[in-house]
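Asker: Quick one, what's the 3D model for this:
(4 chains)
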Number of protein chains: 2
Amino acid sequence: MSQNSLTISDRIQNHLDDLTRAERQLAHSILENYPASGLGPLSALAKDAKVSVPTVARMVQKLGFNGYLDFQTELREELKAKVQDPIAKHDTWAEAAPTEHVLNSFTDAVIHNIRQSLAHIDPVAFDQACALIADKQHSLCITGGRLTQTLAEYFFSHLQVVRPKVTHIQSSSSAWPHYLLDMKKDDVLVIFDMRRYENNSFKLAQMAHEKGAKVILITDQWRSPIHQIADFSFSCRIVVPSAWDSAVTPLLLLETMISTVQNLTWGETKGRIKALEDMFDQTKQFRKFT
Amino acid sequence: MSQNSLTISDRIQNHLDDLTRAERQLAHSILENYPASGLGPLSALAKDAKVSVPTVARMVQKLGFNGYLDFQTELREELKAKVQDPIAKHDTWAEAAPTEHVLNSFTDAVIHNIRQSLAHIDPVAFDQACALIADKQHSLCITGGRLTQTLAEYFFSHLQVVRPKVTHIQSSSSAWPHYLLDMKKDDVLVIFDMRRYENNSFKLAQMAHEKGAKVILITDQWRSPIHQIADFSFSCRIVVPSAWDSAVTPLLLLETMISTVQNLTWGETKGRIKALEDMFDQTKQFRKFT
DNA sequence: TTCATTTTGATATATTTTTATCATATTTGT
DNA sequence: ACAAATATGATAAAAATATATCAAAATGAA
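Answerer: Coordinates of the predicted model:
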């Protein structure tokens, strides 16, 4: 590292606001594969970031370097210093924070959760469950409890775009028997139940099951009692160094499901999304991303 | 890394016996500051190793490369690969699924997002922001837009337990000017704004800012325009192989914040949580975790 | 809208860097 | 010690890479 203790990555980050569109695009491309991409030829970098050659030259000057070669030299110095320094050995997430900082310990735990959970997921069951969720022939009901309703909502609001006949109910709501009434054989119920498991949710799942609905359960590593009657159940590790459980792993699972379902229904979804976006555009409430 | 899984360092080591004196001298010089020195100009490397320029050219050919440029390119590839997966290395996430299964590719992307985002977070700013959020002297307002309201809600529902004077408003709601009216100097506004950025959110943030409130922004890697007026802003990478953006990284950030705030206020929080749990127990809607 | 300003990229020029050639030095075997 | 083979480096030629110039395009203000 040079005299000042700022890494080049930091310098780019700091200048991000002074940069123009093409330059920002370039900056992100550099940070994407940092520092490798900056060590190649200027022209390769330009091509990679889809900007012109002079843009690269201009940006490094804006960053305060004496040309691209100077920039590269400093990058190499930085790399050299980093490799030599045994402490900087990439075992922290937030590089600027000590290992024991909550940013690092928490992230450690989350990554561990993801590892463990993914390792135990049966991809065949996953694909089957996604196919059920994508099936527009039957209605889809999503429900969560006190702690999991946000997850249920997230899932609901995305699926709503992807397919019709989706409803979201809270198991603690007094209205759920009405929804159940309309449930037919082979309809699908996606239910979230994490500790502490809720009686209402169990009853709801049971009744749906008795009406012949397919039950897909998202639960924690200890598994909700609903597990016994569920057609598919996916368990996620949720333990973090906190008074609360983490929703990161289930969220990851949900997003993966949404993406899969979306792909399965892409032909029709495309139109729905387009229409939706157009409507939002018309309200002019939202500015286009530039 | 190229077809074979040997690193270039390995290749040099293996060839060490085939090399002549000057070449061996060079080889050791390369390994000395690996890989940085190999990424500079050939002439610099020659000078550094105290050998002639053609010696370098000859050696890399002996190693099986197609010239010095080829050698450098592969070195860069190796570096790129190394930085990208320091944890994942070989094995896949969902072990039973092939590498290209969405479970694996999606998780790859998410882990990459987490890495990138965490690496750019300033732990000092993080701690300061958490202190603001924990400060019960001032009220706290949480708001999100169309795509981020679920995150805002999640944050809200947890903070509600941890401290008093928290409100959640949607920036698209027509009610927000009323909330703003009550906002005093040094009150805190936590605002979520990811692409596509919403005008309403910007206006809300601006007005809060003008009233002297502290603005904490959670945004994506391209940064919402609110960034300019925010007292703290945290950007998360959200790109995944899907038609949607991922909320996993921001969620991780939120949970870490919640945990930190909780620790800061633990003395008082303890009582609040206990009271809340007791209330839930009494309703007998929830079964104790066994 | 129109005009001024900024941003961007194509091309040409200058620079650096790499590779090839060849003479000199070093090593090795007898 | 001497010759043959090999290794090395100085220099020149070739290639690649970077910078400068300028015109087109995009943006923003009036």
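
Asker: Tell me which helix or strand the residue nearest to the spatial centre of chain A sits in.
Answerer: Central residue of chain A (C-alpha atoms, centre = their mean): A:L252, 5.4 Å from the mean position. Assessed by DSSP states H and E, A:L252 sits inside helix A:248-264.

Asker: From the contact counts, what lies against that helix?
Answerer: helix A:102-119, helix A:123-134, helix A:149-162, strand A:214-220, strand A:232-236, helix B:102-119, helix B:248-264 (3 or more C-beta pairs under 8 Å, 6 or more residues apart in numbering or on different chains; DSSP states H and E). (Each C-beta comes from the backbone N, C-alpha and C, glycine too.)

Asker: Now do the buried residues in that helix.
Answerer: Buried residues in helix A:248-264, defined by neighbour count with 16 or more other C-beta atoms under 10 Å in any protein chain shown: A:248-264.

Asker: just checking: which of the residues you listed also lie near DNA strand C?
Answerer: Among the buried residues of helix A:248-264, none lies close to DNA strand C by the criterion of C-beta under 7 Å from any atom of the strand.

Asker: what about A:Y34, neighbour count?
Answerer: Applying other C-beta atoms under 10 Å in any protein chain shown, we find 22 other residues in the vicinity of A:Y34.

Asker: check contacts around it.
Answerer: Contact analysis of A:Y34 by C-beta atoms under 8 Å, 6 or more residues apart in numbering or on different chains lists A:9, B:83.

Asker: roughly how far apart are A:L180 and A:N263?
Answerer: 31 Å (C-beta to C-beta, to the nearest Å).

Asker: Surely A:V190 is within a helix?
Answerer: No - A:V190 is assigned strand when assessed by DSSP: H, G, I helix; E, B strand; the rest coil, not a helix.

Asker: Test my guess that it contacts A:C141.
Answerer: Yes - shown here, A:V190 and A:C141 form a contact pair, counting by C-beta atoms under 8 Å, at 7.1 Å.

Asker: Around DNA strand D, pick out the residues from the stretch 51-200 of chain A.
Answerer: A:53-54, A:57, A:60, A:67-70, A:72.

Asker: Out of those residues, which comes closest to DNA strand C?
Answerer: For those, the minimum distance to DNA strand C (C-beta to the nearest atom of the strand) is 3.9 Å, reached by A:P54.

Asker: so what does whatever helix or strand that closest one lives in touch, helix or strand wise?
Answerer: Per DSSP H and E, A:P54 falls inside helix A:53-62. Packing partners of helix A:53-62 (3+ C-beta pairs under 8 Å, 6+ apart): helix A:21-32, helix A:42-49, helix A:68-84.

Asker: For chain B, find the nearest of the ones you listed.
Answerer: Closest approach to chain B among the helices and strands packed on helix A:53-62 is made by helix A:68-84 (4.0 Å; C-beta to the nearest C-beta).

Asker: could I get the helices and strands packed on helix A:53-62 as JSON lines with distance to chain B and mean neighbour count?
Answerer: Shown next, in JSON lines, are these (distance: least, C-beta to the nearest C-beta, whole Å; neighbours: other C-beta atoms under 10 Å in any protein chain shown):
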{"stretch": "helix A:21-32", "distance to chain B": "7", "mean neighbour count": "19"}
{"stretch": "helix A:42-49", "distance to chain B": "9", "mean neighbour count": "17"}
{"stretch": "helix A:68-84", "distance to chain B": "4", "mean neighbour count": "18"}
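
Asker: nearest to A:T150, of the ones you listed?
Answerer: helix A:21-32 (29.9 Å; C-beta to C-beta).

Asker: so the closest one versus helix A:68-84, what angle?
Answerer: Going by axes from the mean of the first three to the mean of the last three C-alpha atoms, to 10 degrees, helix A:21-32 is angled at 30 degrees with respect to helix A:68-84.

Asker: other SSEs contacting helix A:21-32?
Answerer: Helix A:21-32 packs on helix A:8-15, helix A:42-49, helix A:53-62, going by 3+ C-beta pairs under 8 Å, 6+ apart.

Asker: is any part of it close to DNA strand C?
Answerer: Yes - judged by C-beta under 7 Å from any atom of the strand, helix A:21-32 comes into contact with DNA strand C at A:21-23.

Asker: what's the spacing between A:D108 and A:A94?
Answerer: For A:D108, the distance to A:A94 - C-beta to C-beta - is 11 Å.

Asker: what bridges to A:I142?
Answerer: On the basis of DSSP bridges, A:I142 is bridged to A:H168, A:V190.

Asker: Single out the residue in the stretch 101-250 of chain A that lies closest to DNA strand C.
Answerer: For the stretch 101-250 of chain A, C-beta to the nearest atom of the strand, closest residue to DNA strand C: A:V161, 31.9 Å.

Asker: still on that earlier bit, could you export the helices and strands packed on helix A:53-62 to TSV, including columns for distance to A:F202 and mean pLDDT?
Answerer: Formatted as TSV, those follow (distance: least, C-beta to C-beta, whole Å; pLDDT from 0 to 100):
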stretch	distance to A:F202	mean pLDDT
helix A:21-32	46	90
helix A:42-49	53	92
helix A:68-84	53	88
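
Asker: out of the ones you listed, which comes closest to B:I218?
Answerer: Of the helices and strands packed on helix A:53-62, the one closest to B:I218 (C-beta to C-beta) turns out to be helix A:21-32, at 18.4 Å.

Asker: got the contact list for that closest one?
Answerer: By C-beta under 8 Å, 6+ apart, helix A:21-32 touches A:9, A:12-13, A:15-16, A:19, A:37-38, A:45-46, A:48-52, A:55-56, A:58-59, A:62, A:290, B:116, B:120, B:221-222.

Asker: On the pLDDT front, check the one residue in the stretch 1-150 of chain A that gets nearest to DNA strand D for me.
Answerer: Distance from DNA strand D to each residue of the stretch 1-150 of chain A (C-beta to the nearest atom of the strand) is smallest for A:G67, at 2.4 Å. Looking at A:G67, its pLDDT is 89.

Asker: Tell me which residues touch it, please.
Answerer: So A:G67 contacts A:57, A:60-61 (C-beta under 8 Å, 6+ apart).

Asker: So what does it look like in phi/psi?
Answerer: phi 100, psi 170 (degrees, to the nearest 10).

Asker: With A:P164 instead?
Answerer: Taking degrees, to the nearest 10 as the convention, A:P164 sits at phi -90, psi -180.

Asker: Excluding sequence neighbours, find me the nearest residue to it.
Answerer: Distances taken as C-beta to C-beta, 6 or more residues apart in numbering or on different chains place A:K136 nearest to A:P164, at 6.4 Å, with adjacent residues excluded.

Asker: From A:Q149, how far out is that neighbour?
Answerer: 25 Å.

Asker: which intervals of the stretch 1-150 of chain A have sub-threshold pLDDT?
Answerer: Scanning the stretch 1-150 of chain A for pLDDT under 70 picks out A:1-5, A:84-91.
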